[in-house]
Structures are given as structure tokens and as C-alpha cells.
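> no letters, just coordinates:
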């Protein structure tokens, strides 16, 4: 009878936990991203999710878009926030928000007092990009705007994270491009200036249509609620 009582209690707990999982009250949510969480809609979304579902464990990984795509296809991620509108097999993609791109340069630079920069102003500068994270996308933007027949901009790839890359900018190693969300953190000696014509980073959320994680469904619903109106106000 003692064994039966113990077994019944374990079963009761298991049924209760299954109900909480179905309601997304407990569980795990694995998210891939390449954007900064210093500020912006993505930061707001994850903070709101954490507040609403404190018992759902958020596991966040930062890597390149290619690595996140592979993780999505293999089931190692529930969702990823990526630049553009990537199309992956068995996955859905939905636009989340848009974000302005700024030039980051040392305050000692001759252009630091400018209220706005053109792409031509950056043409002969040393431009730093990360090897992973958003680095490949940033390099693509630079090449698209500054390359011409017989000329390629000076791009140096650095195997560092976002913080150390911007610290290198502050120390005079070169310039880089960042999205407005990264400006929510303080980087000594770094000044951020908008670029004209404006370049906009378009962020999307990507998830597998085969994913049945209830915690993911809650995230998708919240992302649809939180993103568009707030980002529209930020870009005005």
C-alpha cells in the first residue's frame, strides 16, 4: 500500500507538470540571436516573456545566422531572430521589427563631430567586422555600399564579441556598423552617427513548423503583439 501511495503521488505530480508544460508555465525555450539585447523590441520581448513566464527557462545562444539556421533544422533551437527574411525548409519566417544602422567611430576621429555621414565618408576607412554573430551580414552591407569596379573597402575581420569590437573602435583600430539596439550600452570613446541614405536592418523570427513546444507558441504570440507599434514609434 505504501508503494501504491508513492506511485500515485508521483503520477499526480507528473500529470500536474504536463498540464503546466501545455500551458507554457514551465519548460524550456531555446532561442538563437545575433542582435544586441542592450535595448529595442527584442530586448523588450524577452524581458516581458521572462516576467510573464518566470518558470520557463530561457536558453539564449549567440552565433552566426548560418549556425542558427543549422540548429533550427536539427531541432536544437526553438526559434531564431535573424536578419532579412531567410527561407528554411520546414520553417516559417515572420517579420519582427526594423532597426536603423549607425556608424560607430572613435570620438577622436575627424568625422566624430558630424551630425550625419554618407557612405562615401566611410569609403577609405578601416572597417571592423566580427567573424561570427552579425559580422557576415555587416560585411555584406559594407561591400554592397562601398565596393566598385577596381575598388574594395578595407575590411578587417576580428574574432571577438560585440563588446570588444566596439572597445577596439574606441581605441582607434577602425570603424564599424551597429544597429540602434547596441547603443543601449555605454562604450568609452565611441560615438554613433546615423548614415545617409539610411540603411535599415530588417529582423525576422524563424521557427520550425514541426515544433510543438507550447513555450514557443507563447513567444510567437507575444512577438506579434510587442513589435510593430513600438518599432514604428522608435523610427519616427
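Sure thing, it's come through. As the structure is a computational prediction, the values presented were derived from the model and not from experiment.

> report the secondary structure state of the spatially most central residue of the chain.
Per Cα atoms, centre = their mean, the C-alpha nearest to the average position across the chain is that of residue 35, at 2.4 Å. With DSSP: H, G, I helix; E, B strand; the rest coil as the basis, residue 35 sits in coil.

> who are the neighbours in contact with it?
By Cβ atoms under 8 Å, 6 or more residues apart in numbering, the contact list for residue 35 reads 42, 81, 99, 134, 179, 181, 203. All C-beta spots, glycine's among them, are computed from the backbone N, C-alpha and C.

> could you dump these to TSV with distance to residue 218, pLDDT and neighbour count?
As requested, the contacts of residue 35 are exported to TSV (distance: Cβ to Cβ, whole Å; pLDDT from 0 to 100; neighbours: other Cβ atoms under 10 Å):
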residue	distance to residue 218	pLDDT	neighbour count
42	16	95	23
81	16	97	22
99	24	92	25
134	26	91	25
179	26	95	23
181	23	94	22
203	19	95	25
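
> filter the residues you listed down to just the ones in helices.
residue 42 (DSSP state H).

> restricted to strands, list the contacts of residue 35.
81, 99, 179, 203 (DSSP state E).

> so which of those comes closest to residue 109?
For these, the minimum distance to residue 109 (Cβ to Cβ) is 20.1 Å, reached by residue 179.

> correct me if wrong: the closest one contacts residue 98.
No: assessed by Cβ atoms under 8 Å, residue 179 is found out of contact with residue 98, at 9.8 Å.

> any shared contact partners between these two?
In contact with both residue 179 and residue 98: residue 201, using Cβ under 8 Å, 6+ apart.

> run a quick neighbour tally on residue 196.
12 (other Cβ atoms under 10 Å).

> distance check, residue 115 against residue 194.
Per Cβ to Cβ, to the nearest Å, residue 115 is found 8 Å from residue 194.

> more crowded one of the two?
Taking other Cβ under 10 Å, residue 115 and residue 194 do not tie; residue 194 has more neighbours (15 against 7).

> thought that one was touching residue 118?
No: look at residue 194 against residue 118 with Cβ under 8 Å: they stay out of range, at 10.6 Å.

> for the nearest residue to residue 182 once chain neighbours are set aside, give me its contacts.
Closest residue to residue 182 apart from its sequence neighbours, by Cβ to Cβ, 6 or more residues apart in numbering: residue 36 at 4.1 Å. The neighbours of residue 36, taking Cβ under 8 Å, 6+ apart as the test, are 43, 162, 178, 179, 181, 182, 184, 185.
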